[in-house]
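Colleague: Build me a structure from this.
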Amino acid sequence: MTERPRLTPAMADVRRAIRENLSDLTPDAVVLVALSGGPDSLALAAGLAFEAPRAGLLAGAVIVDHGLQEGSHVVAENAAAQARELGLDPVIIRRVKVVPAAGPEADARIARYEALDSVARELGAVAILLGHTLDDQAETVLLGLTRGSGATSLAGMSDINGIYRRPLLGIRRAQTVAACEDQGLTPWNDPHNQDASYTRVRIRHEVMPVLENQLGPGVAEALARTAEQFKQDSAVLDALTSEIMPTVFTPVLGETAQSVQATLDVTALTGLPLAILNRVIRRAALDVFGSSLSSVHTNAVARLITDWHGQGEVHVPGIRVERQGAQLVLTASSSTPTEA
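Modeller: A predicted model of the protein is given here:
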């Protein structure tokens, strides 16, 4: 019989975070952990394996093999073996094909979430746990700041978003590494996490250390607190936007993708605070056309309302926007977006 490892502060912090995150679930619910084999998700898997039986939950793991690196199947098998040793069941490896489209990171993310969604449906899982930490949250906020993103982006990642849950957003990466060491677990270190061609990697290994060195410790925690504050503000603004949408927005679904249209009532939108107006525009684009607009493209559309002087149509990703009297008409389009 394998001797149970002595409880350490890092293990206790991870377990407590998981316990609190899953406290609303009912017994016999199926919970899965998205396991890459790295220290964050491996510490999460170990914590879930400990906490789930005590909460009456059924806990398993899903390993997504993107096939993007040589030997990825070996990494997946090793992660699965450790998950089984921890007592997780079922443990599923799902191999996916990453289709080139928006860029390597985005393409892999799309394939990964499609696989996770599929396994959750098959098993009737009510939650999938993701291993994002406080450090990941801080990096996300810093990325948003450098890109001039809006409040929604600066709010960072949510601890609960549909079936996806991130129990470790209050846990530092060093704690997950320690939790793995304390339990004798051997995490996989993804070489992509050392590849400086990725912006997030440069932020992690170059920018954040400089900030900590020049500004003192606590930068990551401060950025995470900023995300929480933006999240609270965004929740209020999103609720106000939801109330307004039915009165200003009309979708007109056509027979083909090219004939899909939507209209926005200029009169009703005029005078709205920009924080609400921009949300209305972004939600209209996303809900009808599946297009996620940047702040530059959102502002270009907003100017057809706030700075109207007879200018012509504006093209944003997937949409042509034209002002016709007291309406903005949005039509599906494959045209190149208008330059800012």
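Colleague: Tell me, how many residues neighbour residue 27?
Modeller: By the measure other Cβ atoms under 10 Å, the count of residues near residue 27 is 8. No exception for glycine: its C-beta is placed from N, CA and C like everyone else's.
Colleague: Let me know the secondary structure of it.
Modeller: Following DSSP: H, G, I helix; E, B strand; the rest coil, residue 27 is assigned to coil.
Colleague: quick one: average pLDDT of the longest helix that the chain contains?
Modeller: Among the segments of the chain that qualify as a helix by DSSP state H, the longest is helix 219-248. Mean pLDDT, taken over the full extent of helix 219-248, equals 92.
Colleague: buried sites along that helix?
Modeller: 219-220, 223-224, 226-227, 230-231, 234, 237, 241, 244, 248 (16 or more other Cβ atoms under 10 Å).
Colleague: Output the contacting helices and strands for that helix.
Modeller: Helix 219-248 sits against helix 134-146, helix 151-154, helix 208-215, strand 261-265, helix 266-269, helix 274-289, with contacts defined as 3 or more Cβ pairs under 8 Å, 6 or more residues apart in numbering; DSSP states H and E.
Colleague: Now the element after the longest one, going C-ward?
Modeller: The one in question is helix 274-289. The element immediately downstream of helix 274-289 (helix or strand, assigned by DSSP states H and E) is helix 295-306.
Colleague: List the residues that contact the closest residue to residue 184 other than its chain neighbours.
Modeller: For residue 184, ignoring the flanking residues on the chain, the nearest one in space by Cβ to Cβ, 6 or more residues apart in numbering is residue 5 at 6.5 Å. With contacts defined as Cβ atoms under 8 Å, 6 or more residues apart in numbering, the neighbours of residue 5 are 11, 182, 183, 184.
Colleague: And the pLDDT at residue 5?
Modeller: In the prediction, the pLDDT value recorded for residue 5 is 77.
Colleague: Next: residue 149.
Modeller: Residue 149 is assigned a pLDDT of 65 by the prediction.
Colleague: Count the residues that sit near residue 10.
Modeller: Other residues within reach of residue 10, judged by other Cβ under 10 Å, total 21.
Colleague: did I read that right, it in a strand?
Modeller: No: the assignment for residue 10 is helix, going by three-state DSSP, so no strand is present there.
Colleague: Quick check, it in contact with residue 175.
Modeller: Yes: the pair residue 10 and residue 175 qualifies as a contact (Cβ atoms under 8 Å) at a distance of 4.7 Å.
Colleague: where do the contact lists of those two overlap?
Modeller: Between them, residue 10 and residue 175 share the neighbouring residues residue 43, with contact defined by Cβ under 8 Å, 6+ apart.
Colleague: element containing residue 16, please.
Modeller: Secondary structure assigned from DSSP H and E places residue 16 in helix 9-21.
Colleague: now could you export just the CA positions of the helix or strand following that helix as PDB?
Modeller: Moving toward the C-terminus from helix 9-21, the first helix or strand encountered (DSSP H and E) is strand 30-34. Listed next in PDB are the C-alpha coordinates belonging to strand 30-34 (Å, rounded to 0.1, in the frame of the first residue of the first chain):
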ATOM      1  CA  VAL A  30     -19.200  14.200 -12.700                       C
ATOM      2  CA  VAL A  31     -16.200  16.500 -12.600                       C
ATOM      3  CA  LEU A  32     -13.200  16.300 -15.000                       C
ATOM      4  CA  VAL A  33      -9.800  17.900 -14.900                       C
ATOM      5  CA  ALA A  34      -8.200  19.000 -18.100                       C
END
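Colleague: Could you pull up the residues touching the closest residue to residue 313 other than its chain neighbours?
Modeller: For residue 313, the nearest residue in space outside its immediate sequence neighbours is residue 322; the separation is 4.1 Å by Cβ to Cβ, 6+ apart. With contacts defined as Cβ under 8 Å, 6+ apart, the neighbours of residue 322 are 312, 313, 314, 328, 329, 331.
Colleague: Okay, and the beta partners of the third one?
Modeller: Here residue 314 shows beta-bridge partners residue 321, assigned using DSSP bridges.
Colleague: helix, strand or coil for residue 328?
Modeller: Residue 328 falls in the strand class when you classify it by three-state DSSP.
Colleague: Pull the number of nearby residues for it.
Modeller: One way to gauge burial is a neighbour count; for residue 328, by other Cβ under 10 Å, it gives 25.
Colleague: distance of the nearest residue to it once chain neighbours are set aside from residue 175?
Modeller: In space, residue 328 comes closest to residue 264 once its chain neighbours are excluded; the distance is 4.2 Å by Cβ to Cβ, 6+ apart. Between residue 264 and residue 175 the computed distance is 47 Å (Cβ to Cβ, to the nearest Å).
Colleague: what number of residues lie near residue 77?
Modeller: Applying other Cβ under 10 Å, I find that residue 77 has 14 neighbouring residues.
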